[in-house]
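Chemist: just a sequence and a predicted model for now, questions to come.
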Amino acid sequence: MCCWFFLRRMGPVLLLWVAVCLSGSWAVDKGNFKTCDQSAFCKRQRAMKPGESPYRALLETMELTNTRLTLQLINDNNKVRLLLELYRLQGNITRVKINELKPLKPRYEVPDVLIREPPTEPLSLLSQDENGVVLSLGAESQRVIVSARPFRLDIVEGRDVLMSLNSRGLLGFEHLRMQEEEKVEDGMWEETFKTHTDSKPSGPSAVSLDFSLPGVEHVYGIPEHGDSLKLKTTDSGDPYRLYNLDVFQYELYNPMALYGSVPVMLSHNARRTMGIFWLNAAETWVDISSNTAGKTVFGKMLDYVQGSSETPQTDVRWISESGIIDVFLMLGPTPRDVFSQYASLTGTQAFPPLASLGYHQCRWNYNDQEDVRSVDAGFDEHDIPYDFIWLDIEHTDGKRYFTWDPHKFASPKEMLQGLQDKKRKMVAIVDPHIKVDTNYKIHNEIRSRGFYVKNKDGGDYEGWCWPGSAGYPDFTRPDMRAWWASQFAYDQYEGTMENLYTWNDMNEPSVFNGPEVTMHKDAMHESWEHRDVHNLYGLYVHRATAEGLIERSGGVERPFVLTRAFFAGSQRYGAVWTGDNAAEWDHLKISIPMCLSLGLVGISFCGADVGGFFKSPSTELLVRWYQTGAYQPFFRAHAHLDTPRREPWLFGPENTALIREVIRQRYTFLPYWYQLFYLAYQTGEPVMRPLWVEYPQDPATFALDDEFLLGRDLLVHPVTEEGARGVTAYLPGKHEVWFDIHTFQKHNGGQNLYIPVTMSSIPVFQRGGSIIPRKLRVRRSSTCMEHDPYTLYVALDNRRTAEGELYIDDGHTFNYEKKELMHRKFSFANGVLSSVDLEPNAQFTTKSWVERIIILGASKPSMVTLKTADGENQLEFDFDASMSVLTIRKPGMNAGADWTVTLQ
């Protein structure tokens, strides 16, 4: 949500802010947000010329221990020395840190993002002369070459250069200094943007470094931007910006900053995938250039015919306002290796409660308890399942979080119990801006404990947000986070029950009267300026809230917390969404690359507001959005206060039926979704992934972002064009086959397939060679389906084999950590389907059983027999010869048992 509505509501007093805050014209006011030219440090760093590096490595200062190499660098222009630290980390990661050798005062180093101090492996010296040193990185003839004059660092494998640092000479490190040391350039010690002045008491402190990636044409990541999956070159415009901001109805296809920032970029070509993780929480800009950018296919062919020897190369440059250079080079070589490497640093996706993978119904705002009851009843009346209904800011007592409006929500426990009785849940919003009001307990406690962020003069920082004048708790403080977490206890947060969960919005933080609608950079978090920690603020809010939900249950129950702002590591605390989108076809399209980009950098639990937050969708757009959202990880409909109501049954019986059908499809696939999230929690692999992750040597997949894979086994190509009569889906894998999940039609891989569509179509394909468990008895919520039986969809590949998994636990506690779970592997080969235990030491029982097995691409057997511990028996089956589909009915074995089904 953004501040236009707030302005309208607060009346004429605030009209002075129209220049600062955002107009009601349903579009972003770009003038509220800085360009690189308006951000003094970005402009300064970007003005550096390539090839003129003043930095030289002082080889005589080199020290090599078992865990690291240290080496001093000197800037020959100003004689300031830097300290380079080089680490070889476990798992094929190299860490490079650069700081001032003797800073005037400590520079900020990001805490709490890495899950531990990364374990090192020994570096060994291979050779050294006056020009540089060569070190071994152990694996596969990998070496680091440190060149002295100018300083440069290359990582090579065999004869290939994998990555070079400072090869273009754009290392920049503004040392801390006293103001009187030199003539002052504009923006070094003070900077004004619009009506806001940033006092910059520490002066210039920017850092930057360039990276060259030979052989690379495709780079991805650095979310959050409303842009394509493959990142574009930035030579002719602004760099991509990473600075968490509350952007009102953001524009698409540009590099402007949005609500979250993950400073991780992946590079990919047919030979190797790598990653760069730039651990810095200050405002950051990322420039990308490429020697093949802008070349047409014809131009590339001409190069080939003429024997042009230019290898494709992408150059990337990171620029941050403060802090140090601390970068992790994740050397792959496969996509899965990079996911594993990044997960080893920042952790994996939190394993969500199963119910949170169902459908969520939200708007700003459900008006009162009767409205909630009526919407809940509407789902039952129209036979549409859902798991969560949401309450936005109007549910509180005057925007005082942790409270309920005494008139509209007079008996919240009664409301929650009504949902509980139907095995449903609720989410209520808790934002991190606190109304300044001496009659408000939360405010009084934070103020008396000194927990608010301070302004540059030492008083409590205040800004305007939804409640009017608000304070901002300092979530960078562990004691503040612990106190915040304690406020979710059932005896503190009155009216709450175990089926109430939380949503953190506005946590960039949003400050309606602040510079760029956020906090002043010279505000203070104890001894650090806000400029140092800005991109961490949202992560800390998310973390403290998730910890509060865990603590209130005595550590038993998994939390569900949605956040708008995020950083590297936010995956450990819950879900994110793409913010205040609009009911436009382009916003539907962009939800795919936005979530794909997040998944590549560890954040799998992503979704976009179904239908669009701003404006009102046509019925066609709304239906298509439900069809897309049902196959994205976080599935929530949400809408702005000023839009007409849009519950799924308000658009006529035909559209209700279409929406019902796709929500029910989502519920049938919950076992598969749950298994994918368990895999993401264990490995860091994205749930929703680009095709190149599974087909890394197929260049046709490298820039695709209108279709995606869920795990390895489902390919989804949503219909995102208005009035579409058909879509063309690329089915990857030359020797693979894909089955339409609706018709069971078989298609060969390695082709572009034209698919005619109607309004009921959502093109989804199951990979030949896979087995997917589904639950076809859809009930009012996921919890109601807990003990229901499974149908196994066995899609045979060209060798007539298939495999898959089934993961089951209680769906909501942390008991899986104590091995209270069930993890089965299904295999089909030589006419035999079997189920074996992947976790023989685990303890869990289920009442669910297998009620049906559907084998796609089958031949007709003469007999089907089931063998379990209880003996053998013959099973009934049907065979559809026209589609080669075998249906085995009521085999009846428990989902947790060992068994084989033999086709004879």
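Modeler: On my side now, so go ahead. Numbering: from 1, shown residues only.
Chemist: the strands in the stretch 251-400 of the chain, which residues?
Modeler: Ranges of strands in the stretch 251-400 of the chain, per DSSP state E, counting those that start in this stretch, are 264-268, 273-278, 284-290, 313-320, 325-330, 359-361, 388-391.
Chemist: out of those, which comes closest to T865?
Modeler: T865 sits nearest to strand 359-361 of all the strands of the stretch 251-400 of the chain, at 39.6 Å, using CB to CB. Bear in mind the C-beta positions are built from the backbone N, C-alpha and C, glycine included.
Chemist: counting contacts, what elements does that closest one pack onto?
Modeler: Counting contacts by 3 or more CB pairs under 8 Å, 6 or more residues apart in numbering; DSSP states H and E, strand 359-361 packs against strand 388-391, strand 635-637, helix 653-668.
Chemist: could you redo these as a markdown table and give each row distance to T783?
Modeler: What follows is those, written out as a markdown table (distance: least, CB to CB, whole Å):
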| stretch | distance to T783 |
| --- | --- |
| strand 388-391 | 11 |
| strand 635-637 | 16 |
| helix 653-668 | 11 |
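Chemist: what about stretch 753-772, average pLDDT?
Modeler: Stretch 753-772 carries an average pLDDT of 98.
Chemist: what of stretch 222-233?
Modeler: The model assigns stretch 222-233 a mean pLDDT of 98.
Chemist: chain center to that stretch, what's the gap?
Modeler: 13 Å (CA atoms, centre = their mean, to the nearest Å).
Chemist: buried ones in that stretch?
Modeler: Buried residues in stretch 222-233, counted by 16 or more other CB atoms under 10 Å: 222-233.
Chemist: and which of those is nearest to K200?
Modeler: Ranked by distance to K200 (CB to CB), the buried residues of stretch 222-233 are led by I222 at 25.8 Å.
Chemist: could the strands of the stretch 251-400 of the chain go into a markdown table alongside distance to V110 and mean neighbour count?
Modeler: Shown next, in a markdown table, are those (distance: least, CB to CB, whole Å; neighbours: other CB atoms under 10 Å):
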| stretch | distance to V110 | mean neighbour count |
| --- | --- | --- |
| strand 264-268 | 13 | 26 |
| strand 273-278 | 10 | 26 |
| strand 284-290 | 12 | 23 |
| strand 313-320 | 11 | 25 |
| strand 325-330 | 7 | 22 |
| strand 359-361 | 32 | 25 |
| strand 388-391 | 32 | 24 |
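Chemist: for F879, which of those strands is the nearest?
Modeler: Closest to F879 of the strands of the stretch 251-400 of the chain is strand 359-361 (CB to CB; 35.2 Å).
Chemist: sheet partners, orientation included, of that closest one?
Modeler: Paired strands of strand 359-361, with direction, are strand 388-391 (parallel), strand 635-637 (parallel) (DSSP bridges).
Chemist: adding distance to P122, write those strands out as JSON lines.
Modeler: Below are those laid out as JSON lines (distance: least, CB to CB, whole Å):
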{"stretch": "strand 388-391", "distance to P122": "50"}
{"stretch": "strand 635-637", "distance to P122": "47"}
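Chemist: closest one to S124 among those strands?
Modeler: strand 635-637 (51.0 Å).
Chemist: and that closest one, which residues are buried?
Modeler: 635-637.
Chemist: as a markdown table, these with distance to K860 would be great.
Modeler: Converted to a markdown table, the buried residues of strand 635-637 look like this (distance: CB to CB, whole Å):
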| residue | distance to K860 |
| --- | --- |
| F635 | 38 |
| R636 | 44 |
| A637 | 44 |
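Chemist: tell me the contacts of the residue of the chain most remote from its centre?
Modeler: Residue distances from the centre of the chain (CA atoms, centre = their mean) peak at S862, which lies 49.4 Å from the mean C-alpha position. By CB atoms under 8 Å, 6 or more residues apart in numbering, the residues touching S862 are Q904.
Chemist: can you give me the pLDDT of it?
Modeler: Predicted confidence (pLDDT) for S862: 98.
Chemist: roughly how far does it sit from T197?
Modeler: With distances taken as CB to CB, to the nearest Å, S862 is found 85 Å from T197.
Chemist: please name whichever of the helices and strands packed on strand 359-361 is nearest to W503.
Modeler: Per CB to CB, nearest to W503 of those: strand 388-391, 6.8 Å.
Chemist: contacts for that closest one, please.
Modeler: With contact meaning CB under 8 Å, 6+ apart, strand 388-391 is reached by 355-356, 358-363, 365-366, 372, 375-376, 409, 419, 424-429, 501, 503, 636, 638.
Chemist: try it again at 7 Å.
Modeler: Residues outside strand 388-391 that contact it (CB atoms under 7 Å, 6 or more residues apart in numbering): 360-362, 365-366, 372, 375-376, 425-429, 503.
Chemist: now, among those residues, which is nearest to N280?
Modeler: W503 (27.9 Å).
Chemist: quick check: beta-bridge partners of that closest one?
Modeler: Beta-bridge pairing for W503 (DSSP bridges): I429, L562.
Chemist: I'd like the numbering to begin with 10 instead of 1 from here.
Modeler: Renumbered: residue one is now 10, and that last one reads W512.
Chemist: show me what contacts it?
Modeler: Residues near W512 by CB under 7 Å, 6+ apart: 399, 436, 438, 571.
Chemist: mind giving me the ChimeraX select for these, buried ones only?
Modeler: The ChimeraX selection below is limited to those of the contacts of W512 classed as buried (16+ other CB under 10 Å):
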select :399,436,438,571
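Chemist: format the contacts of W512 as CSV; extra columns: pLDDT and distance to L631.
Modeler: Converted to CSV, those look like this (pLDDT from 0 to 100; distance: CB to CB, whole Å):
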residue, pLDDT, distance to L631
W399, 99, 18
V436, 99, 22
I438, 98, 24
L571, 99, 22
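Chemist: with secondary structure added, can I get the buried residues of stretch 231-242 in a markdown table?
Modeler: Below are these laid out as a markdown table (DSSP: H, G, I helix; E, B strand; the rest coil):
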| residue | secondary structure |
| --- | --- |
| I231 | coil |
| P232 | coil |
| E233 | coil |
| H234 | coil |
| G235 | coil |
| D236 | coil |
| S237 | coil |
| L238 | coil |
| K239 | coil |
| L240 | coil |
| K241 | coil |
| T242 | coil |
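Chemist: these: which two are farthest apart?
Modeler: For the buried residues of stretch 231-242, and using CB to CB, no pair is farther apart than E233 and T242, which are 19.3 Å apart.
Chemist: ok so, going back, now the residue farthest from the centre of the chain: how far from G840?
Modeler: Distance from S871 to G840, by CB to CB: 11 Å.
Chemist: check I443 too.
Modeler: Distance, I443 to G840, using CB to CB: 66 Å.
Chemist: settle it for me: which of these two has more neighbours?
Modeler: Set I443 next to G840 and count neighbours by other CB atoms under 10 Å: I443 wins out with 27 against 14.
Chemist: for that one, what are phi and psi?
Modeler: Per-residue torsions, I443: phi -110, psi 120 (degrees, to the nearest 10).
Chemist: excluding covalently adjacent residues, which one is nearest to G141?
Modeler: S156 (4.3 Å; CB to CB, 6 or more residues apart in numbering).
Chemist: what's D244 in contact with, if anything?
Modeler: S298.
Chemist: low pLDDT regions in the protein?
Modeler: 10-35, 148-149, 190-192, 303-318 (pLDDT under 70).
Chemist: returning to what we had before: of the strands of the stretch 260-409 of the chain, which approaches Y704 most closely?
Modeler: Nearest to Y704, of all the strands of the stretch 260-409 of the chain, is strand 273-277, at 11.1 Å by CB to CB.
Chemist: run through who's touching that closest one.
Modeler: Strand 273-277 is contacted by residues 222, 225, 227-231, 282-286, 323, 325, 347, 351, 577, 609-610, 701, 705, 711 when judged by CB under 7 Å, 6+ apart.
Chemist: does K624 touch A591 like I think?
Modeler: Yes - between K624 and A591 there is a contact at 5.2 Å, judged by CB atoms under 7 Å.
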